[in-house]
Structures are given as structure tokens and as C-alpha cells.
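> here is a sequence together with a model predicted from it:
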There are 2 protein chains.
Amino acid sequence: MDGTDIIERPNFCEACAIRNRAICADLDNQEIDLLNKIGRRRQLQVGEQLLWEGDEAVLVANVVEGVLKLSTATADGREQIVGLVYSSDFVGRPFSETTPYGVEALTDATVCVFRRKDFDRFALDHPRLANKLLERTLTELDRSRRWILLLGKLNAEERVASFLIEVGRRLEVDVDQPANLSGRSEFSLPLSRQQIADILGLTIETVSRQFTRFKKDGIIQMPTSRTIIVPDIKALINRAG
Amino acid sequence: MDGTDIIERPNFCEACAIRNRAICADLDNQEIDLLNKIGRRRQLQVGEQLLWEGDEAVLVANVVEGVLKLSTATADGREQIVGLVYSSDFVGRPFSETTPYGVEALTDATVCVFRRKDFDRFALDHPRLANKLLERTLTELDRSRRWILLLGKLNAEERVASFLIEVGRRLEVDVDQPANLSGRSEFSLPLSRQQIADILGLTIETVSRQFTRFKKDGIIQMPTSRTIIVPDIKALINRAG
DNA sequence: CGATAAATTGAGGACAATCAAAGAGTGTGG
DNA sequence: CCACACTCTTTGATTGTCCTCAATTTATCG
């Protein structure tokens, strides 16, 4: 390394926590350097919005840390959350002029953002990235179809139980506690009751009542309204239909 | 062409109706020939099943003609239709060992099937195909998220209206009647009332009652139970929320 | 034409929504 | 540090939409 080698833009990828899990996993070092040039890190605070529904699709991003929600609204303003993205997930709409949903941080978050057009071009030039994105998109489509089943056929109790199982699982992928094996699980909800309702197609009151029921039945404990302890996952799974 | 050039397998792609709309659109002639070698045409009759939920994912396919449904069921047998695929759409689950939903023909149909593993390999070797598939998958994900909005937030009337608009639009892409401009639309439903109910997360009776209501209000006409005439799309859109 | 399935219509009931109020948690300023 | 305001959550009472059950009508097909 000599004096001309001035670091203008730090290569975040090198020490990136999701380097081997996100869509960049299959890229070689040279490709990573290129990708690093067109991307940049950005911090988001709780409630901060990254994209607005219907806007021009200017950005796409990898989630490095934190949880974000994707949401759409009806003409008269009813909001539905249509997806949650976690650490190592991809967010945004490549190859389209407009963003079909808004994206907002549910927790403080770190994302790795790209100008959508830069990203589109990079994806077209780098099949390894495109393939990873394809696999992720297919998985996300499977997930959203399971959500369609939930909304179409499950009752309130089954929905809330399914939601807790899903969120618990997705949050614990990072934590990887050996405790998982015991069937016990503890996690912090990244959503308010209103947001949970907007995911499950229920009202805030119905969600609250289901939580209370689960507590009374000993299926969950709730030291605070956002801390969930599931002593025995099986019991919860039984309620999920 | 000499005597050694025996045509063992007709090249269906050459005269394929969806050659320029399906995921093979961007392939050159050489690539098409290769793809043609690993694929074959198959006819499906109404009600015939192409894939079973939970089975090993052996096949993927392009829909040449007809409409198919994708469905999942809850543990206790409640069925939810999670997607419809039309002419030029892709169906199946690449890059996965199991099929997350069943696929069944709603009309007589023609599909262009591939062994999943052959297709996976081809996609990895041919970025132009992979990119087309990616775009389609992203579009399908957008669609399924709009469906989540429908199931989460719309009431029965809005759901049925939205459904009619969506089906009408997707069927008429092929027909391309100039009549579309007039705001008038006529089409044949490829689904029974039960199937419509299983898409909309409603019961057969509720669907029927909504149809009757729309008829009485002059928003649709129904010469037969599967023929829908929408004199003025705007009126229907108003009911869709 | 008769048999079977699909669709419609009606009556009553259940589950979740709505409306209303109290309780718990959080943050601010005196 | 505590009082006050504000938001979020919980709980209760009532309403309404859609489901369930049942019967009839219409369509489909041998």
C-alpha cells in the first residue's frame, strides 16, 4: 500500500455482519469492491421512512441490522403491513419505476443502500448477484403466500399464535441460542399492538385480547408488553392451526 | 437439411404463442434450441393436478394457454388459493426441494414443462432467462402483496369487486379487445363459486350474495353463472374500495 | 328426462369490530 | 423528584358482518 492508495470510501463489506448471508454472498472480492463503490451505509431510527408507497423507486437496500416494515394503504387510508424484513434481507423494488409499498424502520436499523438504477445495472452484469436475489425473492414469495393463507383462513387466535412463532423464529436466527432446542424462546417484539393488528388483519383490541388469553393459559409470559417468553413452543404451535 | 437431420423432438418454441412474453423472451435462437431440448409440451384437463403441495419439486412450467390455481391447505384441511397463473406466466418452485403449494388446472390448459433440476441448471447458465424469471417473480410478489391488502383490510363487497376487476384485466390481456377503451368488459370466469371463495377468504354464500347485489345494482350482468359483463368498469372500481 | 352437482336464497348465530373507558407506561417540565 | 400530559395497552359492553345451517332453484351431464 503506497501513498496513492487513499481510502476515499471505506469498504464496509469487508467486515460486514451479513457478508455471507445477504445477496452479495456469492460475489468474489473484485465484485464486492465494485458493489461497495455504488453502495453506502445508512442509519435509520425507529419510525424513519426509507421509501414511500407510489414514489419513484430510487433506492434498494440490504438490511444489515434491525427490522423494517413494508406497507400499503387502501384509497381511504386503511393501512396493511405486507411484509417484514430482517437482518440480511433485501428491500426495495428493482426493475420498476415505482415502489409499490412504503418502507419504514420498526427498530433503529443499519441498511446498505444503492441507487436503484445502479443496482439494476449491477444485477444485469453480475449473474451471481441476480441469482441470489432471485432465490431470495422466491423465498419471500413463498412467505407472502403463507401469509395469504393466514389472512384467508385462520381465526384471530391462530393468527396471533402464527405471528408469534414466525417473529420468534426470524429474530432468533441471529441469536442462535442453544435454548432453542429446549423449545423455550424469548424475544422482544419490534412492533406495537397497532402494527401487529395491521399485519394480521385484525384490530388492536382483538390482538390484545388474544395475548391476554395466551397469558392466562400459560402459553406465553409477558414481563413487558413487548417482551414475549414462550416456555413451550409446541403449545403455541397447537394454537396456530 | 440432409437425411441425418431427423426431427426427433419438434421445436415448439418456434411457433409458440407466448414466445415473446414468457421468460424465454430474451433468449437467442441457440438458447431457445437448448431450452426446447429439456422441455416438453403437456396438455392438462380441467381439474388435473400438475404439482402436489409438499411433494418433491420435480417440475416447473410455462403456461402456454389456460388458467391454473396455486393452493395451500391448513393442517385441518381448509384450502386457500394463493395464486392464479395465466397464459405466459411461470409456475413451480425453482431452487427448492419441495413445492410449497399444489398446482391444478382451472381450465383445459397447455403448459411447457421442465424437470426442475434441468431448469435450475439452465437458469444458472443463462442469465437472460434468470433475469426474466426474476422480473416475473418480483411482479408476482407485488401481486401477492396486493392480495394481502385485500385479505387484511377489504370487506366482502370490496373483495368481490377487486377480484372481478383483476380477473377481467388478466384475461383480457390476451384478447385485447378495443372494447376495453369503452370501459365495458366481458369475460368468462375460470372458477367456481367455491374457488372464488377460496381465493377471497370468504364463503361460497357470501360470494353469491355479493354477485346478486352487483346484479341488482346494475354493476354487472350475468347471462350464465360464469359469464360476467361489466358495462362500466368505473362503477365496479368504486365498489372495490 | 332424471340424477347429481353448483348456485342462490333465507334464517339464525358467532366472532371479531366498534365504541367507550380505565389502567399502565413514557417523557417533560416545574 | 414528582406531577402532569400523552400515548399505548387492556378490558368491558354492544353492534354488525360474515359464517353456518338449511332449503330451494338452476345448471350440467349421462
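That came through fine.
> C-terminal to the biggest helix by length in chain A, what's the next element?
Identified as the longest helix of chain A according to DSSP state H is helix A:127-153. Downstream of helix A:127-153, the first helix or strand assigned by DSSP states H and E is helix A:156-175.
> ok, the following helix or strand past that next one: who's next to it in the sheet?
Next along the chain after helix A:156-175, taking DSSP H and E as the criterion, comes strand A:185-188. Applying DSSP bridges, strand A:185-188 is found paired with strand A:227-230 (antiparallel).
> the partner strand: which residues count as buried?
The neighbour-count check on strand A:227-230 (16 or more other C-beta atoms under 10 Å in any protein chain shown) flags A:Ile228, A:Val230 as buried. To be clear about C-beta, it is placed using only N, CA and C from the backbone, and glycine gets the same treatment.
> that strand near DNA strand D at all?
No: Strand A:227-230 is not in contact with DNA strand D by C-beta under 7 Å from any atom of the strand; minimum separation 10.3 Å.
> other SSEs contacting the next helix or strand after that strand?
Later in the chain than strand A:227-230, the nearest helix or strand by DSSP H and E is helix A:233-239. Counting contacts by 3 or more C-beta pairs under 8 Å, 6 or more residues apart in numbering or on different chains; DSSP states H and E, helix A:233-239 packs against helix A:156-175.
> please save the CA atoms from the helix it packs on in CSV.
What follows is helix A:156-175 as a C-alpha-only set of coordinates in CSV (Å, rounded to 0.1, in the frame of the first residue of the first chain):
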residue,chain,number,x,y,z
ALA,A,156,-57.8,-14.5,15.4
GLU,A,157,-56.3,-16.9,17.9
GLU,A,158,-54.5,-18.8,15.1
ARG,A,159,-53.2,-15.6,13.5
VAL,A,160,-51.7,-14.3,16.7
ALA,A,161,-50.1,-17.6,17.5
SER,A,162,-48.7,-17.9,14.0
PHE,A,163,-47.4,-14.4,14.2
LEU,A,164,-45.5,-15.0,17.4
ILE,A,165,-44.0,-18.2,16.1
GLU,A,166,-42.8,-16.5,12.9
VAL,A,167,-41.4,-13.4,14.6
GLY,A,168,-39.7,-15.5,17.2
ARG,A,169,-38.1,-17.7,14.6
ARG,A,170,-36.9,-14.9,12.4
LEU,A,171,-35.4,-12.9,15.3
GLU,A,172,-33.6,-15.9,16.7
VAL,A,173,-31.8,-16.8,13.5
ASP,A,174,-29.4,-14.1,14.5
VAL,A,175,-29.2,-15.0,18.2
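> what's in contact with that helix?
Applying C-beta atoms under 8 Å, 6 or more residues apart in numbering or on different chains, the contact partners of helix A:156-175 are A:67, A:84, A:86-87, A:150-151, A:154, A:180, A:185, A:187-190, A:196, A:199-202, A:206-207, A:209-211, A:213-214, A:220, A:228, A:230, A:233, A:236-237, A:239-241.
> and the most centrally placed residue in chain A, what does it touch?
For chain A, the residue sitting closest to the mean C-alpha position, by C-alpha atoms, centre = their mean, is A:Val85 at 1.0 Å. A:Val85 is in contact with A:Val63, A:Val67, A:Leu68, A:Lys69, A:Leu70, A:Val91, A:Val103, counting by C-beta under 8 Å, 6+ apart.
> so which of the residues you listed are in strands?
A:Val63, A:Leu68, A:Lys69, A:Leu70, A:Val91, A:Val103 (DSSP state E).
> quick one: the first one from A:Arg170, how far?
With the distance defined as C-beta to C-beta, to the nearest Å, A:Val63 ends up 12 Å from A:Arg170.
> neighbour-wise, which of the two wins?
When A:Val63 and A:Arg170 are compared for neighbours, A:Val63 comes out ahead with 24 against 17, by other C-beta atoms under 10 Å in any protein chain shown.
> right, and the more buried one touches A:Ser87 too?
Yes: contact status for A:Val63 versus A:Ser87: in contact at 5.7 Å, counting by C-beta atoms under 8 Å.
> need the overlap of contacts for the two.
Joint contacts of A:Val63 and A:Ser87 (C-beta under 8 Å, 6+ apart) are A:Ile18.
> residue ranges with poor pLDDT in chain A?
A:1-10, A:173-182 (pLDDT under 70).
> one more pass at 90, please.
Applying pLDDT under 90 to chain A picks out residues A:1-15, A:77, A:172-184, A:241.
> so it: which segments form each domain?
A:12-150, A:155-239 (automatic domain parsing).
> among the ones you listed, which is nearest B:Glu53?
The minimum distance between B:Glu53 and the domains of chain A falls on domain A:12-150, with 10.8 Å, by C-beta to C-beta.
> quick check: A:Thr137 touching B:Leu138?
Yes: counting by C-beta under 8 Å, B:Leu138 is a contact partner of A:Thr137 at 5.9 Å.
> re earlier: list residues touching both of A:Val63 and A:Arg170?
A:Tyr86.
> any residues of chain A in contact with DNA strand D? List them.
Counting by C-beta under 7 Å from any atom of the strand, the residues of chain A near DNA strand D are A:192-194, A:204-205, A:207-209, A:211-212, A:222, A:225-226.
> helices - which of these land there?
Short answer: the residues of chain A next to DNA strand D in helices (DSSP H) are A:Arg193, A:Gln194, A:Ile204, A:Glu205, A:Val207, A:Ser208, A:Arg209, A:Phe211, A:Thr212.
> could I get these as JSON lines with neighbour count and distance to chain B?
Shown next, in JSON lines, are those (neighbours: other C-beta atoms under 10 Å in any protein chain shown; distance: C-beta to the nearest C-beta, whole Å):
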{"residue": "A:Arg193", "neighbour count": "18", "distance to chain B": "16"}
{"residue": "A:Gln194", "neighbour count": "12", "distance to chain B": "13"}
{"residue": "A:Ile204", "neighbour count": "14", "distance to chain B": "14"}
{"residue": "A:Glu205", "neighbour count": "10", "distance to chain B": "16"}
{"residue": "A:Val207", "neighbour count": "24", "distance to chain B": "13"}
{"residue": "A:Ser208", "neighbour count": "16", "distance to chain B": "18"}
{"residue": "A:Arg209", "neighbour count": "15", "distance to chain B": "18"}
{"residue": "A:Phe211", "neighbour count": "18", "distance to chain B": "19"}
{"residue": "A:Thr212", "neighbour count": "11", "distance to chain B": "22"}
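> mind putting those residues into JSON lines with distance to A:Arg115?
Compiled in JSON lines, these are given as follows (distance: C-beta to C-beta, whole Å):
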{"residue": "A:Arg193", "distance to A:Arg115": "36"}
{"residue": "A:Gln194", "distance to A:Arg115": "33"}
{"residue": "A:Ile204", "distance to A:Arg115": "38"}
{"residue": "A:Glu205", "distance to A:Arg115": "43"}
{"residue": "A:Val207", "distance to A:Arg115": "38"}
{"residue": "A:Ser208", "distance to A:Arg115": "42"}
{"residue": "A:Arg209", "distance to A:Arg115": "45"}
{"residue": "A:Phe211", "distance to A:Arg115": "42"}
{"residue": "A:Thr212", "distance to A:Arg115": "47"}
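> next one: stretch A:204-222 to chain centre, how far?
24 Å (C-alpha atoms, centre = their mean, to the nearest Å).
> for stretch A:211-228, same thing?
Its chain's C-alpha centre and that of stretch A:211-228 lie 24 Å apart, by C-alpha atoms, centre = their mean.
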